[in-house]
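K.L.:
return a 3D structure for these sequence lines:
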Amino acid sequence: MIDLFSQQRNGYASAGKWNKASKVRKFMKKIGVKKEPVCSWVDIENSVHMFVANDENHPLQNEINKMWGKNSEKIKEIGYVPDTIRIKKNIIVCGDYHSAFKYASLVVKREILLRHTNRFHHFHRGSCSCGDYR
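P.N.:
Numbering: from 1, shown residues only. Sure thing, here's the model as predicted:
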């Protein structure tokens, strides 16, 4: 049921019908439909770390923020330009995240696997397995 409402709301939003998308969201809230928070899992040396959207309670949060700050500066130095216009509230991989992970795979010299709603993206040496088809 959540998926049906979400698809309808996302369809309206994609078509620029913001009033209709808002009405669907309000209706979902009224009848008590809630989406699960978006989460990510990172596997580092056989230890899985889970991150939930907007949750800053991970025991290594300070170290993670520091490392991302350093890597963020490095990817900007090699050409990444953040697209701050995009809406980043759902699990769909937007162009900005896709671009950031391509650069990050270069900077950290690691393979990065990112799950999209219907496929995985494998970032390696600054390119993605999808051939930039999101």
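K.L.:
what's the end-to-end length of stretch 28-46?
P.N.:
Start and end residues of stretch 28-46 are separated by 39 Å (C-alpha to C-alpha, to the nearest Å).
K.L.:
mind listing what's buried along it?
P.N.:
residue 28 (16 or more other C-beta atoms under 10 Å). No exception for glycine: its C-beta is placed from N, CA and C like everyone else's.
K.L.:
average pLDDT for that stretch?
P.N.:
For stretch 28-46, mean pLDDT is 78.
K.L.:
now it: how far from the chain's centre is it?
P.N.:
Distance of stretch 28-46 from the chain centroid (C-alpha atoms, centre = their mean, to the nearest Å) equals 12 Å.
K.L.:
one more: stretch 43-59?
P.N.:
Average the C-alpha atoms of stretch 43-59, do the same for its chain, and the two points are 14 Å apart (C-alpha atoms, centre = their mean).
K.L.:
quick check: buried residues in that stretch?
P.N.:
Buried residues in stretch 43-59, counting neighbours by 16+ other C-beta under 10 Å, are found at residue 51.
K.L.:
same thing with stretch 121-134?
P.N.:
For stretch 121-134, burial by neighbour count (16+ other C-beta under 10 Å) applies to 121, 123, 128, 130.
K.L.:
from the residues you listed, which is closest to residue 65?
P.N.:
Taking C-beta to C-beta as the measure, residue 65 sits nearest to residue 123 out of those, at 21.1 Å.
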